[in-house]
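Student: Have a look; sequence and predicted model below, questions after that.
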2 protein chains.
Amino acid sequence: MERRDFLKKTGVATAAAVAGSALSAPAVLAEKKYRWKMVTTWPPNLPVLQTGAVRFSKRVEQATNGRIKIQVFAGGELVPPLGVFDAVSDGTVECGSGASYYWAGKVPAGQWFSSVPFGLNPQGINAWFYSGGGLKLWEEVYAPFNIIPRPQGNTGVQMGGWYRKEMNTIEDFKGLKMRIPGLGGKVVARAGGTVVLLPGGEIFTSLERGVIDATEWVGPMHDLRMGFYKAAPYYYYPGWHETGTCLEVIFNKKAYESLPKDLQTILDAVATETNLWSLSEFEAGNGAALQELIIRHKVNLVRFPEPLLNDMRKLAKEVLEEEAAKDPLSGKVHAAFKKFREQIGVWGSVSEKPYYDAIADTYALKGS
Amino acid sequence: MERRDFLKKTGVATAAAVAGSALSAPAVLAEKKYRWKMVTTWPPNLPVLQTGAVRFSKRVEQATNGRIKIQVFAGGELVPPLGVFDAVSDGTVECGSGASYYWAGKVPAGQWFSSVPFGLNPQGINAWFYSGGGLKLWEEVYAPFNIIPRPQGNTGVQMGGWYRKEMNTIEDFKGLKMRIPGLGGKVVARAGGTVVLLPGGEIFTSLERGVIDATEWVGPMHDLRMGFYKAAPYYYYPGWHETGTCLEVIFNKKAYESLPKDLQTILDAVATETNLWSLSEFEAGNGAALQELIIRHKVNLVRFPEPLLNDMRKLAKEVLEEEAAKDPLSGKVHAAFKKFREQIGVWGSVSEKPYYDAIADTYALKGS
């Protein structure tokens, strides 16, 4: 008998032996061990995204005193990055980490739960999830796939991307070859650009050689790591296409529901903890990386002109309405999203916006 | 023998009886029950603040399968609201809920961890806590009092308050009798105002009768509930004095450290979960309440003029520097706070600020 089997069988016998003792039945059941696998869409060690999934796993293990252990596999280690949703759906693994817009082809109504162009920022999308019915709606959208979603991270407002030429008006998108996925890509295409899809590892070289004219990635922390400042001279902001992208942890429904209520609660609480930790890491890390890009690498930060943003926003609205019209569930989610934006929109204009206005003179970029 | 004593002694006997059995020691220890008390600074049922403390307790009970049960007492039910810190410090109770600026007289260096005028917003202060060393510093500040702090909520950017007259320049603060506590009050006093401290229950009548000329409270959700719109015609924004006030849960060090590591992790995770839930409730609730104030009660929302805010900001800086100079620990916290603001300041000006600018035309108040 292998040592592992021996321990396992002894464990079972022990539990059985005390079942009739003074310890209550739940106390014994509570000791059942869960050994899960998580697959992610992220490359190994990708800061905050992959390391956030690993952190989630560690915190769950700590909080459950080892009753749940989740082995985390980066994209491609067990299933391909874009195979995560299916692997969780069919029960190949118990959970996964990614973002809902990766599954747009299969679950179009899911797109609103990661990020839509000119959409909600992190504070807004979290308020929608936790206090505005958003998470309940997300559960409804994933239910046919036997998947239960939870927000697990947020990138914050992203950057607009790296460009080999200046972007002065919406006309400058005509003929522009840009690496930009998702709904943002649809808006760029509508403005006359050519959307190019490239694996992460090929973007830098393509940009440097002029195979593409522009790329977006995440924010300063991740963009610095990719070295894009060596390949394109203009770093535009803000990231109108991803204004606070939510990352997800997804659970196979059967696996999640097989857990006792206390362990379900721990998974939920640690997911929310990781969500806020992730945003905090992005904020602190982006702040430091932006300083490095400006001071050390003399990067040319440029704000998209207001008329360009206004024009892109009109196109974004058209794209969203078209997506919403494609199926009833997308229409339902879009309507709920818009309604919640209305609820908090004016409040943002009298709270967060004037807060940023009030401190703007101190923190504005020179010359902007 | 009282039933309660009987149960208690039986519980002990049971644990002792199985300690030598085949169950491993940690498995038995894990079943130890903790029955704790939490005292808060909040009135009973105060939305998000007191209900957030109660929610924290319920989530902890769920996540621990009843191993920790925390009985929550509102302000005055067990100890006076401002007696919370001492009660946790001396071990009268195991935990409490409040905000660090309530203890400014005893722990001046603690003030930076709730809110300082023209300070960090919720996203910024959370980034400081979780990813910029802020929480570690907070632990250091509370350590001499045998208290371990955790962020447990955030009000978001508050409103500037209700005024019986228009506020056009900083001169209008001269002679103004205003209910405004903490550092914000010190700034108003420096501008020539008279700061009045009043219990919550006396503010409305004092404002209505002109005993005071102005008051701040929280945000639209709580202000609507207090009925201030019936007592003063001008509702000013933004709340420069509290730009994202952090609420705390505080643990008696000995009680916290007596817990096994898994239960400590659960307390921490649920505190962070409650932190984000609280901000989300404030955002969603303030959005809805602001609409009601504007549409139903025709409240006159007014933005503080920019020169007035700039002048107040200069005074706020003086007040903060003075507070920081009072003791070495305050100086240390102030320096760390400023350093972190520098780290994320420019990043905010290229991410969140232009996000709000880009959507401003849709959500701006009419006429503003």
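Tutor: That came through, no problem.

Student: distance of A:Asn121 from B:Gln343?
Tutor: A:Asn121 sits 20 Å away from B:Gln343, going by C-beta to C-beta, to the nearest Å. The way it works is simple: take the backbone N, C-alpha and C, and place the C-beta from them, glycine included.

Student: Compute the first-to-last residue distance for stretch A:228-239.
Tutor: 16 Å (C-alpha to C-alpha, to the nearest Å).

Student: Tell me how far that stretch lies from the chain's centre.
Tutor: With C-alpha atoms, centre = their mean, to the nearest Å as the basis, stretch A:228-239 stands 21 Å off its chain's centre.

Student: buried set for it?
Tutor: By neighbour count with 16 or more other C-beta atoms under 10 Å in any protein chain shown, stretch A:228-239 contains the buried residues A:228-229, A:231-232, A:234-239.

Student: cool, stretch A:121-141 as well?
Tutor: Those would be A:121-132, A:134-135, A:137-138, A:141, for stretch A:121-141 by 16+ other C-beta under 10 Å.

Student: helix or strand for A:Pro149, which one?
Tutor: strand A:147-154 (DSSP states H and E).

Student: Now do the buried residues in that strand.
Tutor: Applying 16+ other C-beta under 10 Å to strand A:147-154 flags A:147-154 as buried.

Student: Of those, which is the nearest to A:Pro307?
Tutor: Proximity of the buried residues of strand A:147-154 to A:Pro307 (C-beta to C-beta) peaks at A:Asn154, which lies at 29.2 Å.

Student: Please report how far that closest one lies from chain B.
Tutor: 10 Å (C-beta to the nearest C-beta, to the nearest Å).

Student: And for A:Asp172?
Tutor: For A:Asp172 relative to chain B (C-beta to the nearest C-beta), the value is 18 Å.

Student: ditto for A:Lys230
Tutor: 20 Å.

Student: Now that residue: closest residue in space, sequence neighbours ignored.
Tutor: Nearest residue to A:Lys230, sequence neighbours excluded (C-beta to C-beta, 6 or more residues apart in numbering or on different chains): A:Glu208, at 7.2 Å.

Student: Report pLDDT for that neighbour.
Tutor: According to the prediction, A:Glu208 has pLDDT 97.

Student: Around chain B, which positions in the stretch 151-300 of chain A sit nearby?
Tutor: A:156-159, A:219-220, A:237-240, A:243-244, A:260-262, A:265-266, A:268-270, A:272-273, A:275-277, A:279-281, A:283-288, A:290-291, A:294 (C-beta under 8 Å from any C-beta of the partner chain).

Student: Kindly supply the PyMOL command isolating those of these that are buried.
Tutor: In PyMOL, this line selects whichever of these come out buried by 16+ other C-beta under 10 Å:
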select buried, chain A and resi 156+157+158+159+219+220+237+238+239+240+243+244+262+265+266+268+269+270+272+273+275+276+277+279+280+281+283+284+285+286+287+288+290+291+294
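
Student: which SS class is A:Arg158?
Tutor: Small correction: residue A:158 is Gln, not Arg. Following DSSP: H, G, I helix; E, B strand; the rest coil, we place A:Gln158 in the coil state.

Student: how long is stretch A:204-215 end to end?
Tutor: Terminal-residue distance, stretch A:204-215 (C-alpha to C-alpha): 9 Å.
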